[in-house]
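*Asks:* how would this look folded up:
(one chain, ligands or ions: 1)
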Amino acid sequence: MPPYLDFLPTALKNTITRLHEEKQAWINQPKKGFLRYQEPIAKLSHLRASLLDLSGDVVRIGNRADLNDAEHEQVLRLLRTFMPWRKGPFSIFGTEIDAEWQSWRKWNRLLPALPDLKDKVIADVGCNNGYYMFRMAAHAPKMVLGFEPYAQHYFTFSTLNRFAGVENLFIDLLGIEHLPLFPDCFDVIFCLGILYHRPSPIDALRELHMALKPGGCLLLESQGISGEEPVALFPEKTYAKVPGTWFVPTASCLHNWLMRSGFTDIECFCQHPMSSEEQRRTDWMLFESYQDFIDKMNPMRTIEGHPAPWRIFFKAGKTQPKSYACPLRQKS
Ligand SMILES: C[S@@+](CC[C@H](N)C(=O)[O-])C[C@H]1O[C@@H](n2cnc3c(N)ncnc32)[C@H](O)[C@@H]1O
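*Replies:* Here you go, the predicted structure:
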(Lines give C-alpha, C1' and ligand atoms only; values in the text may rest on other atoms or scores of the structure.)
Protein backbone atom coordinates (compact mmCIF):
# COMPACT_ATOMS: atom_id res chain seq x y z
CA MET A 1 0.00 0.00 0.00
CA PRO A 2 1.44 3.43 -0.83
CA PRO A 3 2.30 5.19 2.47
CA TYR A 4 0.12 8.24 1.74
CA LEU A 5 -2.98 6.04 2.10
CA ASP A 6 -2.44 6.02 5.89
CA PHE A 7 -3.71 9.62 5.87
CA LEU A 8 -6.71 9.18 3.59
CA PRO A 9 -10.13 7.83 4.60
CA THR A 10 -10.96 6.32 1.20
CA ALA A 11 -12.73 2.95 0.98
CA LEU A 12 -10.92 2.33 -2.32
CA LYS A 13 -7.49 1.56 -0.87
CA ASN A 14 -7.20 -1.76 -2.73
CA THR A 15 -7.96 -0.15 -6.10
CA ILE A 16 -5.49 2.69 -5.44
CA THR A 17 -2.84 0.20 -4.32
CA ARG A 18 -3.26 -1.83 -7.53
CA LEU A 19 -3.03 1.33 -9.63
CA HIS A 20 0.03 2.50 -7.68
CA GLU A 21 1.74 -0.86 -8.23
CA GLU A 22 1.01 -0.72 -11.98
CA LYS A 23 2.45 2.80 -12.18
CA GLN A 24 5.53 1.78 -10.15
CA ALA A 25 6.10 -1.20 -12.49
CA TRP A 26 5.94 1.24 -15.43
CA ILE A 27 8.27 3.88 -13.93
CA ASN A 28 10.80 1.27 -12.76
CA GLN A 29 11.19 -0.30 -16.22
CA PRO A 30 14.79 -0.11 -17.40
CA LYS A 31 13.73 1.55 -20.66
CA LYS A 32 15.74 4.05 -22.62
CA GLY A 33 13.80 7.20 -21.75
CA PHE A 34 13.91 6.37 -18.02
CA LEU A 35 17.48 5.05 -17.65
CA ARG A 36 18.93 8.54 -18.07
CA TYR A 37 17.15 9.44 -14.83
CA GLN A 38 17.26 6.08 -13.03
CA GLU A 39 21.02 5.44 -13.29
CA PRO A 40 22.29 8.76 -11.91
CA ILE A 41 19.52 8.89 -9.28
CA ALA A 42 20.58 5.45 -8.00
CA LYS A 43 24.21 6.64 -7.70
CA LEU A 44 23.28 9.84 -5.84
CA SER A 45 20.34 8.77 -3.70
CA HIS A 46 22.51 8.57 -0.55
CA LEU A 47 23.07 12.34 -0.56
CA ARG A 48 21.23 14.35 2.10
CA ALA A 49 20.86 18.09 2.49
CA SER A 50 22.16 19.67 5.69
CA LEU A 51 19.89 22.69 5.18
CA LEU A 52 16.32 23.15 4.04
CA ASP A 53 14.81 26.60 3.51
CA LEU A 54 11.25 26.45 2.21
CA SER A 55 10.14 29.87 3.42
CA GLY A 56 11.59 32.12 0.69
CA ASP A 57 10.94 32.57 -3.03
CA VAL A 58 13.81 30.14 -3.79
CA VAL A 59 13.30 26.58 -2.52
CA ARG A 60 16.73 25.86 -0.99
CA ILE A 61 17.80 22.24 -0.52
CA GLY A 62 21.32 21.74 0.77
CA ASN A 63 24.57 23.72 0.61
CA ARG A 64 27.53 23.51 -1.75
CA ALA A 65 29.57 22.35 1.27
CA ASP A 66 27.39 19.20 1.63
CA LEU A 67 29.10 17.73 -1.48
CA ASN A 68 32.65 17.05 -2.60
CA ASP A 69 33.67 18.25 -6.08
CA ALA A 70 32.89 14.94 -7.79
CA GLU A 71 29.44 14.72 -6.18
CA HIS A 72 28.73 18.35 -7.06
CA GLU A 73 29.55 17.64 -10.71
CA GLN A 74 27.34 14.52 -10.76
CA VAL A 75 24.40 16.35 -9.15
CA LEU A 76 24.76 19.21 -11.64
CA ARG A 77 24.64 16.71 -14.52
CA LEU A 78 21.54 15.05 -13.04
CA LEU A 79 19.81 18.40 -12.57
CA ARG A 80 20.55 19.21 -16.21
CA THR A 81 18.98 15.88 -17.20
CA PHE A 82 15.72 17.13 -15.68
CA MET A 83 15.63 20.08 -18.13
CA PRO A 84 13.47 21.82 -19.15
CA TRP A 85 12.82 23.22 -15.65
CA ARG A 86 9.39 24.82 -15.89
CA LYS A 87 8.73 25.66 -12.21
CA GLY A 88 11.05 27.23 -9.66
CA PRO A 89 13.40 28.77 -8.65
CA PHE A 90 15.39 26.19 -6.69
CA SER A 91 18.83 26.11 -5.15
CA ILE A 92 20.07 22.52 -4.94
CA PHE A 93 23.34 21.98 -3.08
CA GLY A 94 24.36 25.47 -4.20
CA THR A 95 23.30 25.10 -7.86
CA GLU A 96 20.89 27.91 -8.66
CA ILE A 97 18.08 26.83 -11.01
CA ASP A 98 16.26 29.68 -12.69
CA ALA A 99 13.16 27.95 -14.08
CA GLU A 100 10.96 29.21 -16.92
CA TRP A 101 8.24 30.29 -14.47
CA GLN A 102 8.86 32.62 -11.55
CA SER A 103 6.54 30.38 -9.53
CA TRP A 104 7.01 32.41 -6.35
CA ARG A 105 4.82 35.09 -7.93
CA LYS A 106 1.88 32.66 -8.15
CA TRP A 107 2.55 31.46 -4.59
CA ASN A 108 2.58 35.06 -3.29
CA ARG A 109 -0.78 35.71 -4.99
CA LEU A 110 -2.21 32.62 -3.29
CA LEU A 111 -0.86 33.50 0.17
CA PRO A 112 -3.51 36.07 1.24
CA ALA A 113 -6.30 33.57 0.43
CA LEU A 114 -4.69 30.45 1.94
CA PRO A 115 -6.61 28.69 4.69
CA ASP A 116 -4.51 27.57 7.66
CA LEU A 117 -2.57 24.60 6.25
CA LYS A 118 -1.31 23.37 9.63
CA ASP A 119 -2.17 19.67 10.14
CA LYS A 120 -4.22 19.64 6.94
CA VAL A 121 -4.37 16.79 4.41
CA ILE A 122 -3.65 18.42 1.05
CA ALA A 123 -3.65 17.45 -2.63
CA ASP A 124 -1.65 19.34 -5.27
CA VAL A 125 -3.19 18.27 -8.57
CA GLY A 126 -0.70 18.63 -11.42
CA CYS A 127 2.18 19.26 -9.01
CA ASN A 128 4.95 19.25 -11.66
CA ASN A 129 8.35 19.23 -9.90
CA GLY A 130 6.76 19.97 -6.50
CA TYR A 131 7.78 23.65 -6.16
CA TYR A 132 4.44 24.50 -4.50
CA MET A 133 4.48 21.34 -2.37
CA PHE A 134 7.77 22.46 -0.85
CA ARG A 135 6.26 25.91 -0.22
CA MET A 136 3.23 24.23 1.43
CA ALA A 137 5.55 22.17 3.63
CA ALA A 138 6.68 25.40 5.34
CA HIS A 139 3.09 25.68 6.71
CA ALA A 140 3.31 22.36 8.62
CA PRO A 141 0.55 20.34 6.88
CA LYS A 142 -0.18 16.78 7.99
CA MET A 143 0.63 15.59 4.50
CA VAL A 144 0.66 16.69 0.86
CA LEU A 145 0.02 14.29 -2.03
CA GLY A 146 1.09 15.49 -5.48
CA PHE A 147 -0.83 14.12 -8.46
CA GLU A 148 1.48 14.12 -11.49
CA PRO A 149 1.21 11.65 -14.40
CA TYR A 150 4.43 12.67 -16.21
CA ALA A 151 7.61 10.65 -15.64
CA GLN A 152 10.07 13.55 -15.96
CA HIS A 153 8.30 15.56 -13.23
CA TYR A 154 7.90 12.44 -11.07
CA PHE A 155 11.64 11.74 -11.23
CA THR A 156 12.49 15.39 -10.56
CA PHE A 157 10.31 15.72 -7.46
CA SER A 158 11.33 12.28 -6.15
CA THR A 159 15.01 13.22 -6.45
CA LEU A 160 14.61 16.66 -4.86
CA ASN A 161 12.68 15.21 -1.96
CA ARG A 162 15.17 12.37 -1.59
CA PHE A 163 17.81 15.06 -0.99
CA ALA A 164 15.46 17.18 1.16
CA GLY A 165 13.92 14.33 3.21
CA VAL A 166 10.53 15.97 3.88
CA GLU A 167 8.67 12.92 5.11
CA ASN A 168 5.09 14.13 4.71
CA LEU A 169 5.38 15.04 1.00
CA PHE A 170 4.34 12.30 -1.43
CA ILE A 171 3.91 12.05 -5.20
CA ASP A 172 2.13 9.46 -7.30
CA LEU A 173 1.75 9.03 -11.05
CA LEU A 174 -1.90 9.99 -10.96
CA GLY A 175 -4.01 12.51 -12.85
CA ILE A 176 -6.98 14.67 -11.95
CA GLU A 177 -9.16 11.92 -13.44
CA HIS A 178 -8.15 9.66 -10.51
CA LEU A 179 -9.71 11.98 -7.91
CA PRO A 180 -12.96 9.92 -7.77
CA LEU A 181 -10.84 7.24 -6.02
CA PHE A 182 -10.43 9.73 -3.14
CA PRO A 183 -13.97 10.77 -2.10
CA ASP A 184 -14.15 13.28 0.81
CA CYS A 185 -10.40 12.88 1.44
CA PHE A 186 -8.66 16.27 1.32
CA ASP A 187 -9.00 19.35 3.55
CA VAL A 188 -7.41 21.53 0.89
CA ILE A 189 -6.89 20.93 -2.84
CA PHE A 190 -4.65 23.07 -5.01
CA CYS A 191 -5.42 22.87 -8.73
CA LEU A 192 -3.13 25.35 -10.42
CA GLY A 193 -2.66 25.68 -14.17
CA ILE A 194 -4.64 22.54 -15.04
CA LEU A 195 -8.26 23.33 -15.85
CA TYR A 196 -7.75 24.78 -19.37
CA HIS A 197 -5.89 21.57 -20.28
CA ARG A 198 -9.03 19.52 -19.57
CA PRO A 199 -11.44 18.81 -22.45
CA SER A 200 -14.29 18.76 -19.95
CA PRO A 201 -13.71 21.43 -17.26
CA ILE A 202 -17.04 20.70 -15.56
CA ASP A 203 -16.13 17.03 -15.09
CA ALA A 204 -12.76 18.13 -13.70
CA LEU A 205 -14.42 20.54 -11.24
CA ARG A 206 -16.89 17.85 -10.14
CA GLU A 207 -13.96 15.48 -9.54
CA LEU A 208 -12.24 18.15 -7.43
CA HIS A 209 -15.49 18.72 -5.50
CA MET A 210 -15.90 14.98 -4.89
CA ALA A 211 -12.37 14.63 -3.46
CA LEU A 212 -12.73 17.57 -1.06
CA LYS A 213 -13.86 16.90 2.52
CA PRO A 214 -17.10 18.66 3.49
CA GLY A 215 -15.92 21.98 4.90
CA GLY A 216 -12.77 21.78 2.75
CA CYS A 217 -11.27 24.41 0.48
CA LEU A 218 -10.29 24.43 -3.21
CA LEU A 219 -7.63 26.84 -4.48
CA LEU A 220 -8.03 27.04 -8.24
CA GLU A 221 -5.88 28.96 -10.69
CA SER A 222 -6.47 28.91 -14.42
CA GLN A 223 -5.39 30.60 -17.58
CA GLY A 224 -8.24 32.85 -18.67
CA ILE A 225 -9.23 35.84 -20.78
CA SER A 226 -10.34 39.27 -19.62
CA GLY A 227 -13.97 40.38 -19.96
CA GLU A 228 -17.23 40.67 -18.06
CA GLU A 229 -19.35 38.15 -19.97
CA PRO A 230 -19.53 34.54 -18.69
CA VAL A 231 -17.95 33.03 -21.83
CA ALA A 232 -14.97 30.82 -22.69
CA LEU A 233 -12.72 30.92 -25.72
CA PHE A 234 -12.45 27.58 -27.54
CA PRO A 235 -9.44 27.71 -29.88
CA GLU A 236 -9.52 25.84 -33.18
CA LYS A 237 -6.12 24.20 -32.66
CA THR A 238 -3.75 26.03 -30.34
CA TYR A 239 -3.90 28.89 -27.84
CA ALA A 240 -0.62 30.79 -27.39
CA LYS A 241 0.98 27.93 -29.37
CA VAL A 242 -0.15 25.30 -26.84
CA PRO A 243 -2.15 22.52 -28.51
CA GLY A 244 -3.56 20.99 -25.32
CA THR A 245 -5.65 24.05 -24.45
CA TRP A 246 -9.43 23.52 -24.54
CA PHE A 247 -11.56 26.16 -22.79
CA VAL A 248 -10.12 29.54 -21.72
CA PRO A 249 -12.78 31.21 -19.53
CA THR A 250 -13.42 34.70 -18.23
CA ALA A 251 -13.57 35.01 -14.43
CA SER A 252 -17.39 35.15 -14.45
CA CYS A 253 -17.54 32.01 -16.61
CA LEU A 254 -15.22 30.20 -14.18
CA HIS A 255 -17.38 31.41 -11.29
CA ASN A 256 -20.45 29.86 -12.95
CA TRP A 257 -18.59 26.61 -13.67
CA LEU A 258 -17.63 26.37 -9.98
CA MET A 259 -21.17 27.14 -8.81
CA ARG A 260 -22.77 24.60 -11.14
CA SER A 261 -20.21 21.97 -10.10
CA GLY A 262 -21.45 22.22 -6.52
CA PHE A 263 -18.96 24.62 -4.90
CA THR A 264 -20.05 27.27 -2.40
CA ASP A 265 -18.43 30.40 -0.92
CA ILE A 266 -16.85 31.11 -4.29
CA GLU A 267 -14.44 34.03 -4.36
CA CYS A 268 -12.27 35.34 -7.18
CA PHE A 269 -9.41 36.83 -5.19
CA CYS A 270 -6.98 37.73 -7.97
CA GLN A 271 -6.77 38.12 -11.73
CA HIS A 272 -3.96 39.61 -13.76
CA PRO A 273 -2.57 39.67 -17.31
CA MET A 274 0.34 37.34 -18.00
CA SER A 275 3.77 38.75 -18.74
CA SER A 276 7.19 37.74 -19.99
CA GLU A 277 8.59 38.70 -16.56
CA GLU A 278 6.76 35.76 -15.08
CA GLN A 279 7.34 33.19 -17.85
CA ARG A 280 10.50 33.36 -19.91
CA ARG A 281 13.34 31.38 -21.45
CA THR A 282 16.28 30.74 -19.11
CA ASP A 283 19.48 28.69 -19.08
CA TRP A 284 17.40 25.87 -17.56
CA MET A 285 14.56 26.07 -20.13
CA LEU A 286 15.87 26.59 -23.62
CA PHE A 287 12.62 26.30 -25.60
CA GLU A 288 10.20 29.02 -26.68
CA SER A 289 8.44 30.91 -23.92
CA TYR A 290 5.82 33.63 -23.36
CA GLN A 291 7.25 36.26 -25.69
CA ASP A 292 7.22 33.76 -28.58
CA PHE A 293 3.52 33.01 -27.93
CA ILE A 294 2.37 36.63 -28.16
CA ASP A 295 1.90 38.84 -31.24
CA LYS A 296 4.97 41.09 -31.28
CA MET A 297 3.02 43.92 -32.95
CA ASN A 298 0.12 43.68 -30.49
CA PRO A 299 0.84 42.20 -27.05
CA MET A 300 -2.92 42.16 -26.31
CA ARG A 301 -3.19 39.22 -28.75
CA THR A 302 -1.70 35.75 -28.92
CA ILE A 303 0.21 34.66 -31.99
CA GLU A 304 -3.08 33.14 -33.29
CA GLY A 305 -4.93 36.46 -32.83
CA HIS A 306 -6.82 35.43 -29.67
CA PRO A 307 -7.07 37.71 -26.60
CA ALA A 308 -3.78 37.41 -24.65
CA PRO A 309 -3.88 35.24 -21.52
CA TRP A 310 -4.77 36.32 -18.01
CA ARG A 311 -4.41 34.23 -14.87
CA ILE A 312 -7.49 33.90 -12.67
CA PHE A 313 -7.54 32.72 -9.02
CA PHE A 314 -10.53 31.33 -7.12
CA LYS A 315 -11.13 30.01 -3.67
CA ALA A 316 -14.22 27.81 -3.19
CA GLY A 317 -15.68 25.53 -0.53
CA LYS A 318 -17.65 22.34 -0.14
CA THR A 319 -20.61 22.71 2.18
CA GLN A 320 -20.98 20.50 5.24
CA PRO A 321 -24.10 18.33 4.81
CA LYS A 322 -27.01 19.81 6.74
CA SER A 323 -28.58 17.57 9.35
CA TYR A 324 -32.34 17.91 9.17
CA ALA A 325 -35.25 15.89 10.49
CA CYS A 326 -36.60 13.42 7.96
CA PRO A 327 -40.24 14.47 7.27
CA LEU A 328 -41.35 10.83 6.99
CA ARG A 329 -40.29 10.08 10.56
CA GLN A 330 -42.71 12.39 12.37
CA LYS A 331 -43.66 11.72 15.95
CA SER A 332 -47.01 9.92 16.24
C1 LIG B 1 0.76 24.04 -16.72
S2 LIG B 1 1.49 22.86 -15.64
C3 LIG B 1 1.02 23.51 -14.05
C4 LIG B 1 1.97 23.10 -12.98
C5 LIG B 1 1.73 23.74 -11.61
N6 LIG B 1 0.53 23.22 -10.99
C7 LIG B 1 1.68 25.23 -11.71
O8 LIG B 1 0.63 25.83 -11.54
O9 LIG B 1 2.72 25.83 -11.95
C10 LIG B 1 0.42 21.45 -15.81
C11 LIG B 1 0.87 20.24 -15.01
O12 LIG B 1 -0.18 19.26 -15.03
C13 LIG B 1 0.39 18.00 -15.29
N14 LIG B 1 -0.66 17.14 -15.89
C15 LIG B 1 -0.77 16.68 -17.15
N16 LIG B 1 -1.86 15.90 -17.27
C17 LIG B 1 -2.46 15.88 -16.05
C18 LIG B 1 -3.62 15.24 -15.53
N19 LIG B 1 -4.38 14.45 -16.29
N20 LIG B 1 -3.92 15.43 -14.24
C21 LIG B 1 -3.15 16.22 -13.45
N22 LIG B 1 -2.04 16.84 -13.89
C23 LIG B 1 -1.70 16.67 -15.17
C24 LIG B 1 1.54 18.33 -16.23
O25 LIG B 1 2.48 17.27 -16.31
C26 LIG B 1 2.10 19.58 -15.58
O27 LIG B 1 2.98 19.28 -14.54
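
*Asks:* which non-adjacent residue is nearest residue 197?
*Replies:* Nearest non-adjacent residue to residue 197, counting by Cβ to Cβ, 6 or more residues apart in numbering: residue 244, 5.2 Å away. Bear in mind the C-beta positions are built from the backbone N, C-alpha and C, glycine included.

*Asks:* oh, I was asking about residue 262
*Replies:* residue 209 (4.7 Å).

*Asks:* just the pLDDT for residue 32.
*Replies:* Confidence at residue 32, expressed as pLDDT, is 87.

*Asks:* again, but for residue 332
*Replies:* So, for residue 332, pLDDT stands at 48.

*Asks:* before we move on, what about residue 322?
*Replies:* pLDDT, residue 322: 73.

*Asks:* what's the local residue count around the residue nearest to residue 262?
*Replies:* Neighbour count of residue 209, defined by other Cβ atoms under 10 Å: 20.

*Asks:* over to the one 5 residues further on?
*Replies:* Under the neighbour criterion other Cβ under 10 Å, residue 214 is assigned a count of 10.

*Asks:* doesn't it belong to a helix?
*Replies:* No - counting by DSSP: H, G, I helix; E, B strand; the rest coil, residue 214 is not part of a helix but strand.

*Asks:* list the residues that contact it.
*Replies:* By Cβ atoms under 8 Å, 6 or more residues apart in numbering, the contact set of residue 214 is 184, 318-321.

*Asks:* one step back: check the gap between the residue nearest to residue 262 and residue 178 for me.
*Replies:* Going from residue 209 to residue 178 by Cβ to Cβ, to the nearest Å gives 15 Å.

*Asks:* secondary structure class for the residue nearest to residue 262?
*Replies:* Under the three-state scheme (three-state DSSP), residue 209 adopts helix.

*Asks:* quick one: it and residue 179, what's the gap?
*Replies:* Using Cβ to Cβ, residue 209 is found at 9 Å from residue 179.

*Asks:* isn't residue 96 right next to residue 79, touching?
*Replies:* No - applying Cβ atoms under 8 Å, one finds residue 96 not in contact with residue 79, separated by 10.4 Å.

*Asks:* so those two - more neighbours on which side?
*Replies:* Using other Cβ under 10 Å as the criterion, residue 96 and residue 79 rank with residue 79 on top: 20 against 13.

*Asks:* got a list of contacts for the host helix or strand of that one?
*Replies:* Assigned by DSSP states H and E, residue 79 belongs to helix 69-81. Helix 69-81 is contacted by residues 36-37, 40-41, 43-44, 47, 64, 67, 92-95, 97, 159 when judged by Cβ under 8 Å, 6+ apart.

*Asks:* only the buried residues of that helix, if you could.
*Replies:* 72, 74-75, 78-79, 81 (16 or more other Cβ atoms under 10 Å).

*Asks:* re the thing from before, hang on, the residue nearest to residue 262 packs against residue 266?
*Replies:* No - with contact defined as Cβ under 8 Å, residue 209 does not reach residue 266; the gap is 11.6 Å.

*Asks:* can you tell me the closest non-neighbouring residue to the residue of the stretch 1-150 of the chain found nearest the ligand?
*Replies:* Of all residues in the stretch 1-150 of the chain, the one sitting closest to the ligand is residue 126 (3.0 Å; Cβ to the nearest ligand atom). Leaving aside its sequence neighbours, residue 126 sits nearest to residue 194 (Cβ to Cβ, 6+ apart; 4.2 Å).
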